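S.K.: No sequence on hand, only this structure:
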């Protein structure tokens with residue numbers, strides 16, 4: 001049969017590489033750096049299973065350099081230093097790949113700085129986390145940051161077709177759609193599920209796939225419009241304060257294999273866009289739900305999603321915050337930039353009047369031209385906020 005299909009199908013060159021067209025296209029910067037053999041220290045960041053490790057291997061192969069693959073979760077500083085020492089006087093500097101680099105401690109990150117600065121090796125680090133939040137400024141300043149994206153359905157289909165060229169098997173149309181959609185743009189996930197499905201039966205059916213993976217790993221449960229229609233119907237039902245309709249569409253999404261994370265993320269956006277300061281607690285609850293479902297998962301996550309959806313549906317609604325930032329952004333894009341009043345800048349701080357010296361508020365100019373972006377709705381807690389503002393400015 002076969003073992004580790006994902007490794008067997010791993011591309012060995014850019015021409016075999018799937019996805020990440022913004023990096024691998026012939027008119028792209030990364031492509032030219034690789035062709036010119038001038039690859040810098042790199043941070044590859046993005047979702048799992050989209051080619052970060054594979055591209056690092058391709059770089060080492062294309063440059064004909066020694067390749068070392070380390071895992072940040074078990075990295076020992078002595079091991080890293082030993083690699084550098086062994087290549088200290090060598091003509092070829094190694095490519096050192098560090099996976100899950102965001103898991104390095106601050107002390108471990110600092111060990112990388114001098115070798116990166118001196119170009120003792122080409123260090124390529126991969127992370128599923130945003131490096132702007134997880135890595136030190138020193139590492140970021142010594143690296144080029146390249147973002148990776150989920151593979152799209154076309155990329156995933158090409159991978160599946162390549163697997164079919166290697167292994168003879170049949171797969172039903174609905175099974176193929178589920179295999180691609182439920183893998184959430186993760187090639188490794190697709191190939192791992194396919195590998196074990198084929199071990200069950202060389203004729204892969206939807207039933208076999210769902211018995212191995214009952215729920216999708218990420219956004220989307222099908223190739224058709226059902227996924228988008230269901231989440232749209234859920235959001236609009238919550239916005240319209242129809243609890244039972246919202247629960248029905250939530251149940252449809254869960255039953256169809258939608259990921260808990262995706263549903264929770266949409267509820268977080270809704271809490272701010274459609275409820276906002278009419279009930280500020282809505283955003284807190286939705287954010288807590290997002291964290292909770294990421295730690296717990298199905299089937300228990302359904303309860304957390306249900307509680308959150310019911311609370312949001314029953315909350316007073318306001319889109320004032322949504323409208324305010326959109327109006328402000330439109331103004332900034334279309335109008336001449338307004339100069340900052342001198343007393344608000346560091347150079348004019350002596351002219352700045354400190355509100356706390358006057359009981360919390362004092363009349364003072366904060367913008368050079370009168371503009372109005374925020375229109376409060378006289379709804380629930382927003383009404384209280386407006387009353388607070390009036391009292392602060394002693395208008396009542």
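M.R.: The structure has been received and is ready for your questions. Note that the coordinates shown come from a computational prediction; the quantities given were computed from them, not determined experimentally. Residues are numbered from 1 along each chain as shown.
S.K.: show me where the stretch 51-200 of the chain has helices.
M.R.: 52-63, 77-86, 106-118, 131-134, 137-141, 153-166, 173-182, 187-200 (DSSP state H, counting those that start in this stretch).
S.K.: For this protein, just list every one of the strands.
M.R.: 42-45, 67-71, 95-99, 122-127, 144-147, 170-171, 203-204 (DSSP state E).
S.K.: got the phi/psi numbers for the residue lying closest to residue 49 once chain neighbours are set aside?
M.R.: Nearest residue to residue 49 in three dimensions, chain neighbours excluded: residue 186, at 3.3 Å (Cβ to Cβ, 6 or more residues apart in numbering). C-betas here are computed from N, CA, C, even on glycine. Main-chain dihedrals, residue 186, degrees, to the nearest 10: phi -110, psi 110.
S.K.: Read off the pLDDT value for residue 186.
M.R.: Note on residue 186: pLDDT of 87.
S.K.: What about it, how many residues nearby?
M.R.: As a burial measure, residue 186 scores 20 neighbours (other Cβ atoms under 10 Å).
S.K.: can you tell me how far the closest residue to residue 13 other than its chain neighbours sits from residue 14?
M.R.: Distances taken as Cβ to Cβ, 6+ apart put residue 58 closest to residue 13, at 6.1 Å, once the chain neighbours are dropped. Computed as Cβ to Cβ, to the nearest Å, the residue 58 to residue 14 distance reads 6 Å.
S.K.: and if you look at residue 88?
M.R.: For residue 88, the distance to residue 14 - Cβ to Cβ - is 30 Å.
S.K.: what about these two, which has more around it?
M.R.: Taking neighbours as other Cβ under 10 Å, residue 88 and residue 14 compare with residue 14 leading, 19 against 8.
S.K.: Can you tell me, leaving aside adjacent residues, what's nearest to the more buried one?
M.R.: residue 24 is the one closest to residue 14 (Cβ to Cβ, 6+ apart), at 5.1 Å.
S.K.: Can you list the low-confidence ranges for the protein?
M.R.: Scanning the chain for pLDDT under 70 picks out 1-3, 215-227, 348-349, 395-396.
S.K.: That one - how does it break down into domains?
M.R.: 20-147, 153-212, 226-314, 320-376 (automatic domain parsing).
S.K.: ok, now which ones touch the closest residue to residue 103 other than its chain neighbours?
M.R.: Excluding its sequence neighbours, the residue lying closest to residue 103 (Cβ to Cβ, 6+ apart) is residue 72, at 4.3 Å. By Cβ atoms under 8 Å, 6 or more residues apart in numbering, residue 72 lies in contact with 98-104, 108.
S.K.: and what of residue 209?
M.R.: Here residue 209 is in contact with 175, 178-179, 182, 193, 197 (criterion: Cβ under 8 Å, 6+ apart).
S.K.: is it possible to export those residues to JSON lines including distance to residue 18?
M.R.: Below are the contacts of residue 209 laid out as JSON lines (distance: Cβ to Cβ, whole Å):
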{"residue": "175", "distance to residue 18": "20"}
{"residue": "178", "distance to residue 18": "20"}
{"residue": "179", "distance to residue 18": "15"}
{"residue": "182", "distance to residue 18": "18"}
{"residue": "193", "distance to residue 18": "17"}
{"residue": "197", "distance to residue 18": "20"}
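S.K.: what's the most distant pair in those residues?
M.R.: Using Cβ to Cβ, the contacts of residue 209 span at most 11.7 Å, a distance reached by 182 and 197.
S.K.: Can you pick out the residue with more neighbours from those two?
M.R.: Neighbour count, other Cβ under 10 Å: between residue 182 and residue 197, residue 182 has more, with 26 against 22.
S.K.: from memory that one sits against residue 258, does it?
M.R.: No. Residue 182 lies out of contact with residue 258 (Cβ atoms under 8 Å); the separation is 9.7 Å.
S.K.: What residues are bridge-paired with residue 97?
M.R.: Judged by DSSP bridges, the bridge partners of residue 97 are residue 69, residue 124.
S.K.: who touches it in this structure?
M.R.: By Cβ under 8 Å, 6+ apart, the residues touching residue 97 are 53, 56-57, 60, 67-70, 124-126.
S.K.: Let me have the strands of the chain in TSV, extended by distance to residue 238.
M.R.: Output for the strands of the chain, formatted as TSV (distance: least, Cβ to Cβ, whole Å):
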stretch	distance to residue 238
strand 42-45	32
strand 67-71	42
strand 95-99	39
strand 122-127	34
strand 144-147	31
strand 170-171	37
strand 203-204	37
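S.K.: among those strands, which is nearest residue 325?
M.R.: Comparing the strands of the chain against residue 325 with Cβ to Cβ, the closest turns out to be strand 144-147 (24.2 Å).
S.K.: What helices and strands are in contact with that closest one?
M.R.: Secondary-structure packing of strand 144-147 (3 or more Cβ pairs under 8 Å, 6 or more residues apart in numbering; DSSP states H and E): strand 42-45.
S.K.: The residue nearest to residue 13 and residue 314, how far apart?
M.R.: Noted for residue 58: a distance of 53 Å to residue 314, by Cβ to Cβ.
S.K.: So if I had to pick from these two, which one is more boxed in?
M.R.: residue 58 (21 against 12).
S.K.: Contacts only, for the more buried one.
M.R.: Residue 58 sits next to 11-14, 17 when contact means Cβ under 8 Å, 6+ apart.
S.K.: what about it, distance to residue 272?
M.R.: 41 Å.
S.K.: do residue 121 as well
M.R.: Residue 121 sits at a distance of 44 Å from residue 272 (criterion: Cβ to Cβ).
S.K.: Between the two, tell me which one has more neighbours.
M.R.: The neighbour comparison of residue 121 against residue 272 (other Cβ under 10 Å) goes to residue 121, with 21 against 17.
S.K.: ok, now how distant is that one from residue 113?
M.R.: When distance is defined by Cβ to Cβ, residue 121 is 13 Å away from residue 113.
S.K.: swap in residue 154?
M.R.: Residue 154 sits 40 Å away from residue 113, going by Cβ to Cβ.
S.K.: Those two: which has the busier surroundings?
M.R.: Between residue 154 and residue 113, counted using other Cβ under 10 Å, the more crowded position is residue 113 (14 against 11).
S.K.: In space, what's closest to that one - neighbours in sequence excluded?
M.R.: What sits nearest to residue 113 in space, not counting adjacent residues and going by Cβ to Cβ, 6+ apart, is residue 138, at 5.1 Å.
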